[in-house]
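Asker: Requesting a structural model of the entry that follows:
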Amino acid sequence: MAERAGGSMELDGADLDVAELYAAHRLSLTRLAILLVDDEASAEDVVQDAFAALVRRGRSLREPGAALGYLRTSVVNGARSALRRRRTARGYVPPHDSGPPRPEEVAVLAEEHREVIAALARIGRRQREVLVLRYWAGLSEAEIAEATGISRGAVKSSASRGLDALERMLSGQEAAR
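Answerer: Below is the predicted model of the structure:
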């Protein structure tokens with residue numbers, strides 16, 4: 001596709017003047033799009049996107065007469081996409097905002113954090129390091145292995161054993177043992 005002066009493109013030996021095509025068919029294509037999307041701004045966007053796609057695709061159109069058919073198809077498909085996006089946006093329900101936490105929720109959460117920190121202090125050093133690096137620092141197994149100087153397998157087993165120990169402590173099972 002070779003672009004020529006004045007906005008025309010050479011299409012396999014034939015000239016397609018996009019500016020003339022735009023001037024001649026923009027309004028009818030916009031009316032078509034308005035009927036499909038029921039919104040003038042969206043319709044104009046759909047037609048603009050169709051012309052932009054025509055310019056990008058110009059070489060694959062074998063004859064200038066095919067350009068108008070391509071534009072109509074692009075407008076219809078673009079309108080369908082716009083309607084799908086609109087339907088998706090309208091169907092979105094944001095998560096319920098419960099507002100700031102109540103004082104009793106803050107107190108319970110603070111107590112749970114204290115219990116976890118106390119239990120974490122009672123497990124082994126390696127298990128504590130692995131759990132803190134994994135769940136607080138967000139490191140991967142490979143990063144933890146590098147940071148602690150142990151193998152990835154040791155990271156996995158330390159994490160598993162540490163979590164089991166914390167679960168027992170926090171559920172009160174350790175007192176029964």
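Asker: C-alpha from now on. contacts and neighbour counts both.
Answerer: Will do.
Asker: hey, where'd the helices end up in this structure?
Answerer: 18-37, 40-57, 65-91, 103-122, 125-131, 141-148, 152-171, 173-176 (DSSP state H).
Asker: Helix 18-37 and the second one, what's the angle between them?
Answerer: Calculated by axes from the mean of the first three to the mean of the last three CA atoms, to 10 degrees, helix 40-57 forms an angle of 140 degrees with helix 18-37.
Asker: Give me the buried positions along helix 40-57.
Answerer: Within helix 40-57, the residues that count as buried by 16 or more other CA atoms under 10 Å are 42-51, 54-55.
Asker: again with the fourth one
Answerer: The neighbour-count criterion (16+ other CA under 10 Å) identifies 116, 119-120 as the buried residues of helix 103-122.
Asker: The helices of the chain: which one's closest to residue 97?
Answerer: Distance to residue 97, taken as CA to CA, is lowest for helix 103-122 among those, at 15.3 Å.
Asker: Dump the closest one to CSV, restricted to CA.
Answerer: In CSV, the C-alpha atoms belonging to helix 103-122 read as follows (Å, rounded to 0.1, in the frame of the first residue of the first chain):
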residue,chain,number,x,y,z
PRO,A,103,-14.0,-0.4,67.0
GLU,A,104,-14.7,-4.0,68.1
GLU,A,105,-13.5,-5.3,64.7
VAL,A,106,-10.3,-3.3,65.1
ALA,A,107,-9.8,-4.8,68.6
VAL,A,108,-10.4,-8.4,67.5
LEU,A,109,-8.1,-8.0,64.5
ALA,A,110,-5.4,-6.4,66.8
GLU,A,111,-5.8,-9.4,69.2
GLU,A,112,-5.5,-11.9,66.3
HIS,A,113,-2.3,-10.2,65.1
ARG,A,114,-0.8,-10.3,68.6
GLU,A,115,-1.6,-14.0,68.8
VAL,A,116,0.0,-14.7,65.4
ILE,A,117,3.1,-12.7,66.3
ALA,A,118,3.4,-14.5,69.7
ALA,A,119,2.9,-17.9,68.0
LEU,A,120,5.5,-17.0,65.3
ALA,A,121,8.0,-16.2,68.1
ARG,A,122,7.6,-19.8,69.5
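Asker: chain center to it: distance?
Answerer: Between the centre of helix 103-122 and the centre of its chain there are 34 Å (CA atoms, centre = their mean, to the nearest Å).
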